[in-house]
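Engineer: got a sequence here, can you build the structure:
(one chain, ligands or ions: 2)
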Amino acid sequence: MQKDYILAIDQGTTSSRAIIFDRDLKPLTTAQAEFTQHFPQSGWVEHDPEDLWSTTIDMCQQALKALDINAGAIAAIGITNQRETTLVWDKHTGKAIYPAIVWQDRRTADYCRDLKAAGHEDMVAGKTGLLLDPYFSATKLHWILTHVDGAMARAKAGDLLFGTVDSYIIWRLTGQAAHVTDATNAARTMLYNIAEGCWDQELLDLFEIPAHMLPEVKDSSGHFGTTHDDLFDGAAIPILGVAGDQQAATVGQACFQPGMIKSTYGTGCFALMNTGDKIVYSSNRLLTTIAYQLDGKPTYALEGSIFIAGAVVQWLRDGLKIISSASETQALAESASDTEQVYLVPAFTGLGAPYWNADCRGAIFGLTRNTGPAEIAKAALESVAYQTRDLTEAMSADWHNTGETVLRIDGGMVANNWAMQMLSNQLGAPVDRPVITETTALGAAYLAGLAAGICAPPDEFAASWKLEKRFEPNLDRDYSDTLYAGWKQAVARLLHDPES
Ligand SMILES: Nc1ncnc2c1ncn2[C@@H]1O[C@H](COP(=O)(O)OP(=O)(O)O)[C@@H](O)[C@H]1O
Ligand SMILES: O=P(O)(O)OC[C@H](O)CO
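Structural biologist: Ligands and ions are numbered 1, 2, ... in the order given. The predicted structure is shown next:
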């Protein structure tokens, strides 16, 4: 049978998606299902592993049906996923021993504080490129092993396996045959030495993790396993591409040259700058990570992670109820008074890069009797631009790039022209929106297609990247800087900086 399609699985924080691409990487159909978020205690976020699996497999079946094709026509599967989220399962029964602890979960904040106080942060950061924060998998995995009855003993006996979401989905897709991950996902666990390209014994000792629970780490494009006969009418489909979702978006945006930046605006915002084969350690509280690994060679990136971007717009809709759909924010911002300068700092769950403060909470500054929904909506959109400028300023301080920086944007929020224009004004640089904004799935499909021999090498793929709209700065630079200074002051007040 002619194998004309690539199936990309995007297992995200709030939904699972399956997208089928043709051989030219044109998306043909998308199936998407949301699943329940569990918040058992303040600061805790969990997913039911069965939900992650069942929505994923159901969406694959639904996409095949929508396109009316047989699974046998799929040449390869590419997987991309919410990163850091931690699962532990029994290798004999396949059953997870605890819900998936989601990347947003802050339950290990005290443990991280203790490890910092004991002086481990420099060693951890030096090996992993990450900060000692609950965000990453290691402290979540330690929590499961030390809080679930008997878990540590079973792990030591070799009965339990650990994985990020990609590993868990592959384990199930392959009928429990493959326990693998890729280097980009491994780089988010805080157990992986990004310079040496291996799990690190000193880190495993620190977090008390038995090495044999860990998956084998592979290139982002290569053979991860083959789907089990029972799943797709007997078709054995090879899984040929895997990358964490922000890294997959970096690939989908063809940010293959050092200095290129992509920024994805979904629930949160994640900006990655390619730093080539150089590991750049941040002096400005950014993360160092692996952007992708091809032919055994890692390409590194600096990453800025903002926890709330599009979610602030959801809050306007579901919390404040001043809009009924996200797109209304554009007209509201356009109609807002020029003389009111309101700042909204959306620290609903603390602040991520470059502040890394888990304890602060959101605030609105500058309210007057004239402040209404339009000014609040404008301030919400502006907060996304200011937070991105925080990241790009930190990136330029870490990476002394002489060329012009262009930011490639994607994610649901980039549909908002007002917000993207504001972003360009704040950065004082062009902002490029591509024709395909489903770049995460595109990246996963490309990695799979590359290994399948269907897709062209990276330089040719990069040449096929298509611009839909470029936003250029159109506001006086001094005025933009004054607005940004106001934002910095608002954040300083929130963090109780005595200097503010
Ligand atoms: N026109 C718009 N203006 C502002 N925000 C938007 C707009 N359209 C979507 N969003 C925001 O984008 C987010 C959805 O983007 P998406 O990439 O699907 O996110 P995720 O993959 O994280 O669920 C939502 O938080 C939504 O509020
Ligand atoms: O699932 P998303 O798109 O919210 O992405 C989550 C990130 O991978 C967390 O690091």
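Engineer: which regions of the stretch 401-500 of the chain lie under the pLDDT threshold?
Structural biologist: 401-404, 497-500 (pLDDT under 70).
Engineer: quick one, strands of it?
Structural biologist: Applying DSSP state E, counting those that start in this stretch to the stretch 401-500 of the chain gives strands spanning 407-410, 431-434, 467-471.
Engineer: distance from the first one to the middle of the chain?
Structural biologist: With Cα atoms, centre = their mean, to the nearest Å as the basis, strand 407-410 stands 14 Å off its chain's centre.
Engineer: anything in it near ligand 2?
Structural biologist: No. Strand 407-410 stays clear of ligand 2 (Cβ under 6 Å from any ligand atom), getting no nearer than 10.7 Å. C-beta here means a position set from N, CA and C on the backbone, and glycine is covered the same way.
Engineer: what's that strand in contact with?
Structural biologist: 249, 252-253, 255, 260-265, 271, 388, 392, 420, 423, 427, 429-434, 437-440 (Cβ atoms under 8 Å, 6 or more residues apart in numbering).
Engineer: kindly check the end-to-end length of stretch 348-359 for me.
Structural biologist: 10 Å (Cα to Cα, to the nearest Å).
Engineer: against ligand 2, how distant is whichever residue of the stretch 101-250 of the chain sits closest to ligand 1?
Structural biologist: Residue nearest to ligand 1 within the stretch 101-250 of the chain: D245 (8.0 Å; Cβ to the nearest ligand atom). Distance, D245 to ligand 2, by Cβ to the nearest ligand atom, to the nearest Å: 5 Å.
Engineer: what's the burial count for the nearest residue to Y343 once chain neighbours are set aside?
Structural biologist: Spatial nearest neighbour of Y343, excluding adjacent residues (Cβ to Cβ, 6 or more residues apart in numbering): A490 at 4.0 Å. Neighbour count of A490, defined by other Cβ atoms under 10 Å: 22.
Engineer: most tightly surrounded among the strands of the stretch 401-500 of the chain?
Structural biologist: strand 407-410 (a mean of 25; mean count of other Cβ atoms under 10 Å).
Engineer: count of residues packed around the residue of the stretch 101-250 of the chain closest to ligand 1?
Structural biologist: Neighbours around D245, by other Cβ under 10 Å: 29.
Engineer: one more: Q201?
Structural biologist: Residues near Q201, counting by other Cβ under 10 Å: 11.
Engineer: can you list the residues of the stretch 51-200 of the chain near ligand 2?
Structural biologist: Counting by Cβ under 6 Å from any ligand atom, the stretch 51-200 of the chain sits next to ligand 2 at Q82, R83, E84, W103.
Engineer: returning to what we had before: adding distance to F307, write the strands of the stretch 401-500 of the chain out as JSON lines.
Structural biologist: Shown next, in JSON lines, are the strands of the stretch 401-500 of the chain (distance: least, Cβ to Cβ, whole Å):
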{"stretch": "strand 407-410", "distance to F307": "18"}
{"stretch": "strand 431-434", "distance to F307": "21"}
{"stretch": "strand 467-471", "distance to F307": "24"}
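Engineer: need these in TSV with distance to ligand 1, can you?
Structural biologist: TSV is the format used below for those (distance: least, Cβ to the nearest ligand atom, whole Å):
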stretch	distance to ligand 1
strand 407-410	8
strand 431-434	12
strand 467-471	14
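Engineer: between the two ends of stretch 232-244, how far is it?
Structural biologist: Span of stretch 232-244 from end to end, Cα to Cα: 24 Å.
Engineer: what helix or strand is I20 on?
Structural biologist: Per DSSP states H and E, I20 falls inside strand 15-22.
Engineer: could you turn the buried ones of the contacts of strand 407-410 into a ChimeraX selection?
Structural biologist: A single ChimeraX command suffices to select whichever of these are buried according to 16 or more other Cβ atoms under 10 Å:
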select :249,252,253,255,260,261,262,263,264,265,271,388,392,420,423,427,429,431,432,433,434,437,438,439,440
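Engineer: which residues in the stretch 1-150 of the chain form strands?
Structural biologist: Under DSSP E, counting those that start in this stretch, the stretch 1-150 of the chain gives strands at 5-11, 15-22, 27-34, 46-47, 74-81, 87-90, 100-101.
Engineer: nearest to A444, of those?
Structural biologist: strand 74-81 (3.5 Å; Cβ to Cβ).
Engineer: quick one: average confidence on that closest one?
Structural biologist: Strand 74-81 carries an average pLDDT of 97.
Engineer: what do you get for stretch 176-195?
Structural biologist: 97.
Engineer: ok, stretch 126-140 next?
Structural biologist: In the prediction, stretch 126-140 has an average pLDDT of 95.
Engineer: list the buried residues of it.
Structural biologist: Within stretch 126-140, judged by 16+ other Cβ under 10 Å, the buried ones are 127-140.
Engineer: and the helices in the stretch 201-350 of the chain?
Structural biologist: 201-207, 245-252, 310-314, 328-335 (DSSP state H, counting those that start in this stretch).
Engineer: which ones are touching whatever residue of the stretch 351-500 of the chain ends up closest to ligand 2?
Structural biologist: Closest residue of the stretch 351-500 of the chain to ligand 2, Cβ to the nearest ligand atom: T440 (7.1 Å). For T440, the contacting residues are D10, T80, D245, Q246, A248, A249, G252, T264, D410, by Cβ under 8 Å, 6+ apart.
Engineer: and if you look at Y5?
Structural biologist: Applying Cβ under 8 Å, 6+ apart, the residues near Y5 are I20, F21, D22, R23, L28, L67, I69, A73, I74, A75.
Engineer: may I ask which of the residues you listed has the most neighbours?
Structural biologist: Counting by other Cβ under 10 Å, top hit in these: F21 with 27 neighbours.
Engineer: quick check, pLDDT for that one.
Structural biologist: pLDDT, F21: 96.
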